[in-house]
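K.L.:
dropping the sequence and predicted coords here.
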Amino acid sequence: MAISKRRRLNSIWLWLGAAVVLAGIFYIARLATRTRIPVRTAVVSRSELSASVSTNGRVEPEFNFEAHAPVAGLVKKRYVVEGQKVTKGELLITMDDSDARAKVAAALASVRAAQASYSDMQRGGTQEERLSLGGDVNRSATDRDQAQRDLDTLKKLQMTGSASANEVAAAQQRLDQANASLNLLHQRTTGRYSTGDLARAKSTLDEAQAGYEAAKTVLDQTSVRAPFDGTVYSVPVSATDYVQPGTTLLEMADLSKMRVHGYFDEPEIGKLRVGQPITVEWDAKPGKTWHGSILRVPSNIILFGTTRNVGEVIIAVNDADDDLLPNTNVRVKVTTSSEKSALNIPREALHSERGDSYVYRVANGTLHRVPVRVGNINLTQVEILSGLNDGDVVALGSTTGQPIGDRAPVVEAK
């Protein structure tokens, strides 16, 4: 009886011990599971990685032509409409040119008058003046010759005592005066006008010729012709409109050769290089994309609007094909780098402390802080240059919001 009772007690204690051991095992397992941080993970792999920068821009033609009213007047006739393709030399628009023609005629008359005056001065005067001066020279020469004969005669008479010394002196004085008068007339014949007089006459002629050329230019501008093959994209005036000088009459361009002025914020300028590929999008044509490349990077920083410091980039559009209009506002995206097979991780796996980059690599249920060297970065990916290998697993973050750190036990979230 005592033995049977003792056996029952041993059995009870045995079962109680087993229960305690099982409870301990369950508790330890539960405790271990509850302290592991559930984390999202990603596998380090190789894939194409490209980085880009986006901004706004404005379209302008590479070859653009604007016609402006040269003078105030009436628009006589309009030969084209907006959107019309034209060829080089084709007449586009005309203004009333009667006043311009009158001014050309007046300017031409001024040129001819100035030319005649300058030519006369170079020859010593007008034909009438030269003829009159020639007659004066002939008369003066005759007077001089007569004075010389009179002097010779009186000198002979003086030798015989028939003429006095005073008479000879008077005759000599008359000869001297005749020679002086003749010399003066000869000077007027060969050098009537000074160098300054000729220079002033030449300046008057040059001014008249410039005025004539200006008047002809105005006359030519009253008839607008296409300077190259292209498309008329703006005609803001109509026939019979009265316009002021400088009013825009017409705008045309070669719409197959377009450029974009892109405005990139100052911190992004260092990433830009000539030749980098670009894409252009315009809200007016959703789904349509144009392509090109950078022609010129910024040489200085300008204030765009009131708050942005930007650099202006000139972009060539390769496939405009007449469907990208001038002066439109567009979106520009430049691919600043592209790697076909870059070792990369999601951007959210990258951490930084005091300028040093690192990640948490997952190994055997534990996080290990690993320093890494990064290359290109875009919105979603980071290129890893060193520190990780293809196939490594990195932690992105916990699913519970708990902070993660080196040596922390983790479990991969499903």
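P.N.:
Now that the structure is in, tell me what you want to look at.

K.L.:
where along the stretch 301-414 of the chain do the strands fall?
P.N.:
For the stretch 301-414 of the chain, the strands defined by DSSP state E, counting those that start in this stretch occupy 302-304, 308-317, 329-346, 351-353, 356-363, 366-371, 373-377, 381-386, 393-398, 410-412.

K.L.:
sorry, wrong one. I was asking about the stretch 151-300 of the chain.
P.N.:
Listed in chain order, the strands of the stretch 151-300 of the chain (DSSP E, counting those that start in this stretch) span 223-225, 230-234, 242-243, 248-253, 258-265, 277-281, 289-296.

K.L.:
can you add distance to N64 and mean neighbour count and give the ones you listed back as TSV?
P.N.:
(C-beta placed from N, C-alpha, C; glycine too.) Output for the strands of the stretch 151-300 of the chain, formatted as TSV (distance: least, CB to CB, whole Å; neighbours: other CB atoms under 10 Å):
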stretch	distance to N64	mean neighbour count
strand 223-225	14	18
strand 230-234	9	20
strand 242-243	20	15
strand 248-253	5	22
strand 258-265	10	22
strand 277-281	18	19
strand 289-296	16	16
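
K.L.:
can I get those strands in JSON lines with mean pLDDT and distance to A147?
P.N.:
Formatted as JSON lines, the strands of the stretch 151-300 of the chain follow (pLDDT from 0 to 100; distance: least, CB to CB, whole Å):
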{"stretch": "strand 223-225", "mean pLDDT": "95", "distance to A147": "70"}
{"stretch": "strand 230-234", "mean pLDDT": "93", "distance to A147": "83"}
{"stretch": "strand 242-243", "mean pLDDT": "95", "distance to A147": "75"}
{"stretch": "strand 248-253", "mean pLDDT": "95", "distance to A147": "76"}
{"stretch": "strand 258-265", "mean pLDDT": "94", "distance to A147": "87"}
{"stretch": "strand 277-281", "mean pLDDT": "94", "distance to A147": "97"}
{"stretch": "strand 289-296", "mean pLDDT": "94", "distance to A147": "86"}
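
K.L.:
now the ones you listed as TSV including distance to I384?
P.N.:
Below are the strands of the stretch 151-300 of the chain laid out as TSV (distance: least, CB to CB, whole Å):
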stretch	distance to I384
strand 223-225	62
strand 230-234	50
strand 242-243	66
strand 248-253	48
strand 258-265	27
strand 277-281	25
strand 289-296	28
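
K.L.:
quick one: which of those is nearest N318?
P.N.:
Checking the strands of the stretch 151-300 of the chain against N318 by CB to CB gives strand 289-296 as the closest, at 4.9 Å.

K.L.:
contact partners of that closest one?
P.N.:
Strand 289-296 is touched from outside by 259-260, 272-282, 313-320, 324, 334, with contacts defined as CB atoms under 8 Å, 6 or more residues apart in numbering.

K.L.:
follow-up on the earlier one: now tabulate the strands of the stretch 301-414 of the chain in CSV and tack on distance to Y79.
P.N.:
Below are those laid out as CSV (distance: least, CB to CB, whole Å):
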stretch, distance to Y79
strand 302-304, 39
strand 308-317, 29
strand 329-346, 31
strand 351-353, 66
strand 356-363, 66
strand 366-371, 73
strand 373-377, 55
strand 381-386, 57
strand 393-398, 67
strand 410-412, 75
